[in-house]
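> I'll drop the sequence and a predicted model, then ask my questions.
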Amino acid sequence: MSLGRLVVTAVKVEGRSKAEVARDYGVSRRWVFELIRRFETEGEAGLEPRSRRPKHSPQQTGAALEDEIVEIRKQLEEEGLDAGAHTIGYHLERRHGEAPAPSTIWRILHRRGFITPQPQKRPKNSYIRFEAEMPNERWQADITHWELADGSPVEILNIVDDHSRLLVCSHARVITKAADVVASFHEAFTAQGFPASVLTDNGAVFTAVPRRGGRCALEIELARLGIRFCHSRPYHPQTCGKVERFHQTLKKWLRRQLRAATVAELQSQLERFTDYYNAVRPHRALRRRTPQEAFDARPKAVPTLAGFVVPAHYRVRADRVDKVGRVTLRYNSRLHHIGLGRRYARTRVLMLVADLEVRILTEEGELLRELTLDPTRDYQPREKA
């Protein structure tokens with residue numbers, strides 16, 4: 001029996017006074033009078049619990065604004081983008097100059113059925129977070145897998161700045177070889193500068209130590225540039241958590257796009273997403289700034305290992321060795337032919353040019369030749385053994 005029915009029974013059946021019942025049961029006399037009134041007019045239904053919600057709420061969010069919040073939520077979800085309360089508030093503020101509190105937006109979404117409770121989810125305050133202090137202090141890199149429209153597998157190399165979450169580069173290839181990784185990093189160097197360090201897992205294109213000893217092409221190249229290279233411990237992807245989490249964000253967006261038929265189409269999609277992710281999408285870990293804003297807000301770290309000198313002229317060029325074993329390089333508007341030997345005829349190579357210093361690698365990352373270009377000679381012969 002509920003307390004309300006007990007009070008009504010004491011008054012109506014036992015004949016006790018309302019004041020006495022209120023005193024004995026520790027309730028207010030006003031509540032006892034109200035219960036008796038409701039029972040006399042409505043019967044047993046009058047004793048059921050009633051909502052305390054006010055009849056009028058002057059500060060309640062208007063219906064038009066609620067509909068706009070739902071519209072933004074649906075639009076972001078259809079595009080495969082982050083559609084949380086903070087992101088919706090960010091877009092509302094850009095539109096109108098102000099927005100409801102994220103908690104208000106969350107309650108509206110919950111009331112409209114867009115929020116699924118996750119009581120078993122680990123609370124965010126239980127995680128131990130590590131973040132670089134400066135942009136370019138550390139880059140995280142990793143390769144993830146995707147499929148084209150016909151089911152063909154492709155690989156996507158993503159490089160993310162640890163401090164700002166800036167997507168430094170995102171390159172799609174059928175197979176990512178050692179020289180491809182070096183080429184992507186050098187393209188990133190050209191766009192964002194040289195990082196102080198790089199963090200990756202133990203994939204074959206990132207390290208040669210666990211499988212065959214020695215060093216792979218990327219390890220050699222980063223050491224030459226004075227960039228510290230670190231690897232996560234095996235079977236512990238949390239170390240590279242920022243780039244691993246970015247893979248999820250990217251794939252969520254890609255699933256909402258028309259599936260690319262070719263690698264070139266996929267690369268075009270990646271470039272479009274890069275522009276949005278870096279310059280438009282607010283990032284929760286950056287206090288709702290965009291990665292580009294966070295990257296530009298602080299001075300950049302630079303390589304600290306001994307011997308690093310930033311080259312004045314730098315470029316990366318892919319080529320194929322001709323039938324007589326040479327590759328051609330244009331420097332200062334003049335063509336120079338570099339000898340490699342007939343045994344490398346028709347081999348695809350990558351040329352890394354830093355001022356007059358030239359390094360030529362195979363697609364697998366093998367160094368074929370390293371030389372200082374003589375700008376006075378058209379032909380650069382191989383050194384005699």
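Looks like it arrived, so ask away.

> could you find the closest non-adjacent residue to the residue nearest the centre of the chain?
In the chain, the residue lying closest to the centroid (Cα atoms, centre = their mean) is Phe246, at 3.0 Å. Counting by Cβ to Cβ, 6 or more residues apart in numbering, Val160 is the residue found nearest to Phe246 once chain neighbours are left out, at 5.3 Å. Any C-beta I mention is one placed from the backbone N, CA and C, and that applies to glycine too.

> now do Leu81
Trp253 (6.2 Å).

> burial check on that neighbour, number of neighbours?
For Trp253, the neighbour count with other Cβ atoms under 10 Å is 20.

> Three-state assignment for it, please.
State at Trp253, reduced to three classes by DSSP: H, G, I helix; E, B strand; the rest coil: helix.

> was I right to think it contacts Ala83?
No: using Cβ atoms under 8 Å as the test, Trp253 is too far from Ala83 to be in contact (11.5 Å).

> count the residues that sit near Arg272.
When neighbours are counted by other Cβ under 10 Å, Arg272 comes out with 12.

> one more: Gly365?
By the measure other Cβ under 10 Å, the count of residues near Gly365 is 22.

> ok, now how distant is the nearest residue to Arg377 once chain neighbours are set aside from Arg343?
Excluding the flanking residues, the one nearest Arg377 by Cβ to Cβ, 6+ apart is His336, at 7.3 Å. Distance, His336 to Arg343, using Cβ to Cβ, to the nearest Å: 21 Å.

> more neighbours: those two, which one.
Remark: of His336 and Arg343, His336 carries more neighbours, 20 against 8, as counted by other Cβ under 10 Å.

> what strand or helix carries that one?
For His336, the element it lies in under DSSP states H and E is strand 334-339.

> what mean pLDDT does that strand get?
Confidence for strand 334-339, expressed as mean pLDDT, is 91.

> same thing with stretch 255-262?
Mean pLDDT, computed over stretch 255-262, is 94.

> kindly report the same for stretch 178-198.
On average, stretch 178-198 scores 91.

> all strands of the protein, in order?
Using DSSP state E, the strands of the chain run over residues 139-147, 153-161, 167-173, 197-200, 228-231, 314-320, 326-331, 334-339, 348-354, 357-362, 367-372, 379-380.

> gap between the fourth one and the chain center?
Right, the one you point to is strand 197-200. A distance of 16 Å separates the centroid of the chain from that of strand 197-200, by Cα atoms, centre = their mean, to the nearest Å.

> also the second one?
For strand 153-161, the distance between its averaged C-alpha position and the chain's averaged C-alpha position is 12 Å (Cα atoms, centre = their mean).

> now do the buried residues in it.
154-161 (16 or more other Cβ atoms under 10 Å).

> who does the nearest residue to Ser184 once chain neighbours are set aside form a beta bridge with?
Using Cβ to Cβ, 6+ apart and skipping residues adjacent in sequence, the residue nearest Ser184 is His171, 4.9 Å away. Under DSSP bridges, the beta-bridge partners of His171 are Leu157.

> touching, the residue nearest to Arg377 and Leu329? I think so.
Yes: look at His336 against Leu329 with Cβ under 8 Å: they come within range, at 5.2 Å.

> what residues are shared contacts of the two?
Taking Cβ atoms under 8 Å, 6 or more residues apart in numbering as the criterion, His336 and Leu329 both touch Leu373.

> how much space separates the nearest residue to Glu244 once chain neighbours are set aside from Glu219?
Spatial nearest neighbour of Glu244, excluding adjacent residues (Cβ to Cβ, 6+ apart): Pro237 at 5.2 Å. Between Pro237 and Glu219 the computed distance is 20 Å (Cβ to Cβ).

> out of these two, which sits in the more crowded spot?
Glu219 (20 against 13).

> mind checking how far the spatially closest residue to the more buried one that is not a sequence neighbour is from Val11?
Using Cβ to Cβ, 6+ apart and skipping residues adjacent in sequence, the residue nearest Glu219 is Phe229, 5.7 Å away. Using Cβ to Cβ, Phe229 is found at 83 Å from Val11.
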